[in-house]
Every structure is written in structure tokens, then in C-alpha cells.
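J.: pasting the sequence and the predicted coordinates here, then a few questions.
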Amino acid sequence: MSALICTPIRGGMVHVQHAVGILQSTGLFNGWLPHPGQSDIYVARCVLANEFLKTPFDDLLFIDSDVGFSRKMLQDLIESEGDVVSGLVPDKSPVPVALMRGLDSKPIPVSEIPPEGMIEVGMVPCAFLKIRRKVLTTLLETNAVAKYGPDGIYGQFFAGLIENEHLLSEDYSFSKLCRAAGFKLWVNCGIRVDHDGRRL
């Protein structure tokens, strides 16, 4: 499998742990596409996903610029079975919680997350995420996402959806689209990345 790392960068800053992870992981991925200066994460992810589709690579790997990771973590993500797979990503609160939702759309307590193995979930974060090409092409081909551009070939994969009068994040909006299209979402619990200094 070939893979392209796509990194949205707010304000043009990359955390040291992220840069170290990229350098340590040479040979595991086929290209790195950073997208600096876009403060709107919805737009940044859409731009990167559409740029990925112009390449010949099999997997899009979102790794946000505030995520620290090791070569082993990236290798485990790449080798994880599944079309949409995330590592375990904490939020940025003083006592971090996992940025994912169960199949019932409710938060999963840290105490209930196994130390390793794959679990199916209802929503995944995009901060350390593998997406197989066929997921994006299916969403385009089935008109599951709004198209734009001169030929209608670009997809709004990460546009915010509204659910129960709440605006969903771009991560969870994308998750809902994937599940509606028949794709299962997975978290590899053995991959526990650093998110702006926090780790589960």
C-alpha cells in the first residue's frame, strides 16, 4: 500500500513532536503534503482530501501538526485493517478524554477503552487517521457529498453537518457520511498519540 501524509497547519506552526515523527518515519509513506495558513479546519481537510485524489496513492493519512507520534505508531496505523482507522487521540482538556464516540454516539470513558486491539466506533477524530482511497471515491460517486469546481469533481468531504440542532465537527460529520455509505469506523487502541502535550 502507498500512503500520502496530509497535514493541516494552523498558523504555519508544526509541533516539534510532529516533525520528529515525520523524520523518524521516512520510508513508511510516499509523500507529505502540508497545508499551512488555513485557519478553517473544514476547508483545510477538504483541500487536502481533493489533492490526495489527484495522486496515485492508496491511503490518505491525516496527521495534524499538533500531534506527536512515533514511527511504530504510524506503521501500526498503516497496517491496521479497515477502510477508516484512527489512533487513540485525546482532547486538550487538563484531564484528557478520547476524541471518539461509540456506536451509540456517546463518549467512551477512558476506563472502558482496552489497552490494545481494534474497536468499532460511531465517530472518529481526524487528527491521526487513515482513509482508504475508495472511501472518498465512493462518497463522490454516490453523490453523498456536495461537489464543486468546473467539472464537479471536488468533494466537500468535511463540511459540517447539523444533528439535533448541533453543528458537528468536521471529524464527526465525515464519520456520519462514511457510516451512511456503509463503511465501518475503527480505532486502534494500541496507538496512543500525543495531542498538544496530552496523551491518554
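T.: Now that the structure is in, tell me what you want to look at. Owing to the predicted nature of the structure, the values given are computational and were not obtained by experimental measurement. Numbering: from 1, shown residues only.
J.: need the contact list for residue 126.
T.: 45, 62, 64, 86, 158, 170, 171, 174 (C-beta atoms under 8 Å, 6 or more residues apart in numbering). Using the backbone N, CA and C atoms, a C-beta is placed for each residue, glycine as well.
J.: show me those that map onto strands.
T.: 62, 86 (DSSP state E).
J.: quick one: which of the contacts of residue 126 has the most company?
T.: Neighbour counts for those (other C-beta atoms under 10 Å) peak at residue 174, which has 33 neighbours.
J.: how about residue 6, nearest residue that isn't a chain neighbour?
T.: Closest residue in space to residue 6, ignoring its immediate chain neighbours: residue 48 at 3.9 Å, by C-beta to C-beta, 6 or more residues apart in numbering.
J.: ok, the one you found to residue 175 distance?
T.: To residue 175, residue 48 is 17 Å away according to C-beta to C-beta, to the nearest Å.
J.: neighbour count winner among these two?
T.: When neighbours are counted by other C-beta under 10 Å, residue 48 and residue 175 differ, and residue 175 comes out ahead with 27 against 23.
J.: give me the phi and psi for residue 75.
T.: Residue 75 adopts backbone torsions of phi -60, psi -40, taken as degrees, to the nearest 10.
J.: just give me how far stretch 8-25 sits from the chain centre.
T.: From the chain centre to the centre of stretch 8-25 is a distance of 15 Å (C-alpha atoms, centre = their mean, to the nearest Å).
J.: looking at the chain, which residue lies furthest from center?
T.: residue 150 (27.2 Å; C-alpha atoms, centre = their mean).
J.: so where's the protein uncertain?
T.: Counting by pLDDT under 70, the chain has low-confidence residues at 12.
J.: any chance you could map the strands in it?
T.: Using DSSP E, strands in the chain cover 3-9, 31-36, 59-63, 67-68, 84-88, 118-121, 128-132, 147-148, 154-155, 162-163, 166-167, 185-192, 194-195.
J.: need these in JSON lines with distance to residue 96, can you?
T.: Output for the strands of the chain, formatted as JSON lines (distance: least, C-beta to C-beta, whole Å):
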{"stretch": "strand 3-9", "distance to residue 96": "21"}
{"stretch": "strand 31-36", "distance to residue 96": "25"}
{"stretch": "strand 59-63", "distance to residue 96": "18"}
{"stretch": "strand 67-68", "distance to residue 96": "13"}
{"stretch": "strand 84-88", "distance to residue 96": "10"}
{"stretch": "strand 118-121", "distance to residue 96": "17"}
{"stretch": "strand 128-132", "distance to residue 96": "14"}
{"stretch": "strand 147-148", "distance to residue 96": "36"}
{"stretch": "strand 154-155", "distance to residue 96": "32"}
{"stretch": "strand 162-163", "distance to residue 96": "24"}
{"stretch": "strand 166-167", "distance to residue 96": "22"}
{"stretch": "strand 185-192", "distance to residue 96": "10"}
{"stretch": "strand 194-195", "distance to residue 96": "8"}
